[in-house]
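Asker: fold the following for me, if possible:
(chains A and B)
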Amino acid sequence: MAKRRITMRNHSAEANLFARRTFIIFMGVLILILILFNNIYSLQVNSFEKYQTRSNSNRIKLLPVAPNRGLIYDRNGVILADNKPVYSLAVIPEQTENLQESIDEISTLLNISDDRKKSFFKSVKRKRRFKQIELHPRLSEQQVALFSVNQHKFPGVFVDARLKRYYPFGKLTTHNLGYVARINRKDANQLEIDGKSENYAATHGIGKLGIEKYYEDILHGTIGHQEVEVNSRGRVIRTLDYKPPTPGKDLTLTLDIELQMIAKRALAGKRGAVVAMDPRTGDILAMYSNPSYDGNLFVHGISTKDWNKIRNSKDLPLINRSVQGYPPASTVKPFLALTGLEEGIITPETRVWDPGWYQLKGLPNKYRDWKKWGHGWVDLNKAIEQSCNIYFFDLAFKLGITKISTMMERFGFGDYTGIDIHEESSGIMPSVEWKRARYNKAWYTGETLSVGIGQSYWTVTPLQLTQALTTLVNRGKRRVPHLLKSTKERSRDSDIEEEVIYEEQAPLVLKNDKHWDLILNAMHRTVQEISATAHAPFKGAKYDAAGKTGSAQVARIKQDEKYDAEKTKENQRDNAMFIAFAPYNAPEIVVSVAIENVSKGGGGTNAGPVARQIMDQYFGNREIASSYGSSTIDTDDVAHHHTHSPLQHNLSTSHAE
Amino acid sequence: MRNNNEAQEQTYSIWQKLHIDLVLLLGILSLMALGLFIVYSAGGQDIDIVYRQAIRLGVALVVMVAVAQIPPLSYKKWAVPVFVIGILLLVSVLLFGHVGKGAQRWLDLGFMKFQPSEIMKLIVPIMIAWFISQESLPVKKTTMFFAFILVLMPTLLIAKQPDLGTSLLIASSGIFVIFLAGASWKLIGVCVGLGSAFAPILWMFLMKDYQRQRVMTFLNPEQDPLGSGYHIIQSKIAIGSGGVTGKGWLQGTQSQLEFLPERHTDFIFAVFSEEFGLVGVGILLAVYLLIVMRGLWIATHAQDAFTKLLAGSITLTFFVYVFVNIGMVSGLLPVVGVPLPLVSFGGTSMVTLLAGFGMLMAISTHRRFHV
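Answerer: Next up, the predicted model:
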């Protein structure tokens, strides 16, 4: 049947039909191949650049490289902030022969705790096998040496060095330099807002306080990049290009670390601050607040124990007292006397009778002098030399608060000095408006009297006192206190050093320039006259100093009650203040000192010697300094007392020396 | 042809006695050699993978030569029983099959695993060609209808596994036979119409979620660049970044750095395009076209309707492989698991493919020794 059908077939017709169909389908094949080719053509020719870019962005990654942070030096080139290598032990699991065995053996060799091992194995599970994982964050020199000798036994394990900040002087510089610590979420957010995140992509630490924070941008430098080829899992295959980071600039500060050391020694065992400045430039030569704390503790992340110790210390080491407000007490009397002269209230010859007390007409309150029986007739010189309260009660009453605060504001009281650290307080210069805004209360004349002796609401920072005194000794020429002297850019060929130029401020112009001389002369006499209040501390000095003492009352003394330091609680004892400058004819240094809660005496006996030691060091006659009460040994911490905030102020009568 | 001169008879005779078609052989061998180089590059420059591929190619070539020795007319005898057995095997795969990669494709015979859908790629064209060539061409409507049913049975069974790529290849191998047998254009038009009407039904009821996802991804791969669109995006980047001359052998970053998935199997064409560029692609397509042309030449010169239809179908199915794979890798078609024939790394399909070429060679070389 089948055979018969086949014989009936028209073979050539079938072949023709088949050939036609094959031809049609062959044309179809050709068209489809052309479509394929055309599609590949459009990918490889028309869109070549697009896909080449995408291919490159797949494989090329930029790895950020952190710049080295600029170093910080004192004015004589002594290093204050250094970058020191810190060694960590890292492991690339993939490259080890037997991870568990290697880690066990190393842990025994280097005495690594089980906790570290445990957290190491935890991160091994999380990370890719070709990524390096830290086994120990900080090896000692001994551990590094021990490992290096045995390194050949541990493939895939190596010592990784990273630069970390180090402050060789520790506590001595913390309040000025601040410190660098880990970038936390808040810092990261701020960097994001400022558009600096990219520059910090590889950076671990950021300046948290002081100079490190203020000049963060200069110190940090610019990030570099390593261009690498990676595979689809992110493993680095090879380096294609390297753009090195630009290191941050080195800073040279105006500080003299030796003077700083003297300041620390002079304040040992006390709570207080010293600021020394060159009035010709505004260079801060020394600025020290005691007690202090070690900034190095924060660089590696401070332990809870250390942090609690610092935070809970009753001496409040975290506070930078040189920029915190204290009642200025009698140290501002020269400025008030100048105001009196300027306003024509007094002349150098104006005399006031001091019976030991001052009373406003029709009021029962008696405002007392520190000398119970009074100074008798007092003129300008005697008022400053003897720090006579009655004279200044009278002067303040006649001036009124508005004239006082207006003039004091011209000296910078109640305002920021503009120093290059962020921790500064503005202090308080009270005025009618201020009291209205702050307490919504009227100003009382009694408060004006207190302001007349540097009490009441009035607080000034030791730094403000230094700045105001600078304006005084410069006869109106004002200086911005500053810590930065010059910057240095390290480059391959040579270093580019750049001196920082500080703009001059509008001068304080008096109606009569003679008034400057009258006040400066009175301050000179305060030190030079044997009976004057600031004479004792500068006895025998080989330079010609001038100054003013102050003793700020912290506790309120009741009417007719006598202050007795020994019977008063430690934290309610008086604060000792002192300001000084030298040489008298051409001042090179101004110093202000504040010491909290002194046990005996006032500014002259407590704060004066501190100013003396600073100046002795500055003028280079240490022999005298050693003979003068610097027997206190360099102990870091103050004995345990209660303390109060340095901002605390009370208004009442004062008892200056 | 029978009146060829003596000299020609003798030059052909050695290959003819071996039943080898020289043109096809050269085409196949050059693609295989090229494939080994690209597999080396795509397989992470691992020489072991090249050895394994070479062994497979060797086995496949032996199978090809062995199949070429069987006279094509003897297929006719076996067409029906083998087809029936094939269908039964497909049913048993669905019932007892071994699950691999989310689909049932394998029968575990104890000593080896066996994929019945692979041999169906050869059995279906034989069966349809035999069925249609029972009557003289052009094919009649009723015959065509039954032929469709015969094609549909294995196609649906394989689609159910699910293995869309293979069922597509098997369906097209049967449909090519019907077309070449002279199905009337009117009927073709009706079928195309019915086919497009059937498409939504296919979409709604027959396609699995992952298959629908593939189609969606194909329409817009950038929608999910790290998920379902990743394959096709990386593949297009590889091809496009190759440019005119390519990045050079072993220099393709998309493949060497492992951004491209399935590099040495389904997406090997992307590796090739990246490293050899448009020039390489042109040459590759030319070699494929050469093989297709030779296959069609063998078909038109075959002795009878059965061998003509069979040869045409085998050749065109081979081309479907090429078109679907390259179309998918270059983003012209949705992702369907079809390897690039003779080049992709992989075993089973290579053996079936070369058995098909063995049949082509048998048709080409046996024709003067029978009837």
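
Asker: ok and the residue in chain A nearest chain B?
Answerer: Closest residue of chain A to chain B, CB to the nearest CB: A:Y51 (2.6 Å). For the C-beta atoms, the positions are set from N, CA and C on the backbone; glycine is no exception.

Asker: is it true that that residue lies in a strand?
Answerer: No: assigned with DSSP: H, G, I helix; E, B strand; the rest coil, A:Y51 falls outside any strand and is helix.

Asker: ok, how many other residues are close to it?
Answerer: 21 (other CB atoms under 10 Å in any protein chain shown).

Asker: ok, the closest residue to it other than its chain neighbours - contacts?
Answerer: In space, A:Y51 comes closest to B:G240 once its chain neighbours are excluded; the distance is 2.6 Å by CB to CB, 6 or more residues apart in numbering or on different chains. B:G240 makes contact with A:L43, A:Q44, A:S47, A:F48, A:K50, A:Y51, A:Q52, A:R54, A:S55, according to CB atoms under 8 Å, 6 or more residues apart in numbering or on different chains.

Asker: and those, which is closest to A:K600?
Answerer: A:R54 (80.8 Å; CB to CB).

Asker: for the helix or strand hosting the closest one, what does the pLDDT average out to?
Answerer: Following DSSP states H and E, one finds A:R54 within helix A:48-59. Averaging pLDDT along helix A:48-59 gives 92.

Asker: and that helix, what other elements does it pack with?
Answerer: helix B:230-242, helix B:253-256 (3 or more CB pairs under 8 Å, 6 or more residues apart in numbering or on different chains; DSSP states H and E).

Asker: how about those, which one is nearest A:P609?
Answerer: Short answer: helix B:253-256, nearest of these by CB to CB, at 75.2 Å.

Asker: and the helix or strand just after the closest one with helix A:48-59, angle?
Answerer: For helix B:253-256, the succeeding helix or strand toward the C-terminus, using DSSP H and E, is helix B:268-300. Orientation of helix B:268-300 against helix A:48-59 (axes from the mean of the first three to the mean of the last three CA atoms, to 10 degrees) gives an angle of 130 degrees.

Asker: so how far is helix B:268-300 from its chain's centroid?
Answerer: Per CA atoms, centre = their mean, to the nearest Å, the displacement of helix B:268-300 from the mean C-alpha position of its chain is 14 Å.

Asker: please identify the buried residues of that helix?
Answerer: Judged by neighbour count (16 or more other CB atoms under 10 Å in any protein chain shown), helix B:268-300 contains these buried residues: B:268-278, B:280-281, B:284-285, B:287-300.

Asker: so which bits of the stretch 101-250 of chain B are right by chain A?
Answerer: Taking CB under 8 Å from any CB of the partner chain, the part of the stretch 101-250 of chain B that reaches chain A is made up of B:134-138, B:176, B:179-182, B:234, B:236-244.

Asker: can you lay out the helices and strands packed on helix A:48-59 as JSON lines showing distance to A:H225 and mean pLDDT?
Answerer: Putting the helices and strands packed on helix A:48-59 into JSON lines (distance: least, CB to CB, whole Å; pLDDT from 0 to 100) gives the following:
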{"stretch": "helix B:230-242", "distance to A:H225": "23", "mean pLDDT": "92"}
{"stretch": "helix B:253-256", "distance to A:H225": "20", "mean pLDDT": "90"}
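
Asker: could I get the ones you listed as CSV with distance to A:G282?
Answerer: Converted to CSV, the helices and strands packed on helix A:48-59 look like this (distance: least, CB to CB, whole Å):
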stretch, distance to A:G282
helix B:230-242, 62
helix B:253-256, 60
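
Asker: for A:T252, which of the ones you listed is the nearest?
Answerer: Comparing the helices and strands packed on helix A:48-59 by CB to CB, helix B:253-256 comes nearest, at 49.2 Å.

Asker: what packs against the closest one?
Answerer: Using 3+ CB pairs under 8 Å, 6+ apart, helix B:253-256 sits against helix A:48-59, helix B:22-42, helix B:230-242, helix B:268-300.

Asker: what's the first helix or strand after the shortest one?
Answerer: Sequence-wise, the next helix or strand beyond helix A:48-59 is strand A:60-65, with elements assigned using DSSP H and E.

Asker: how about that following strand, does it reach chain B?
Answerer: No: residues of strand A:60-65 contacting chain B under CB under 8 Å from any CB: none, with a closest distance of 9.1 Å.

Asker: I'd like to know which elements that strand is packed against.
Answerer: Using 3+ CB pairs under 8 Å, 6+ apart: strand A:60-65 touches strand A:224-230, strand A:236-243.

Asker: before we move on, back to that, what about the helices and strands packed on helix B:253-256, which gets the closest to A:K372?
Answerer: Of all the helices and strands packed on helix B:253-256, helix A:48-59 comes closest under CB to CB, at 86.4 Å.

Asker: right, I'll leave it there.
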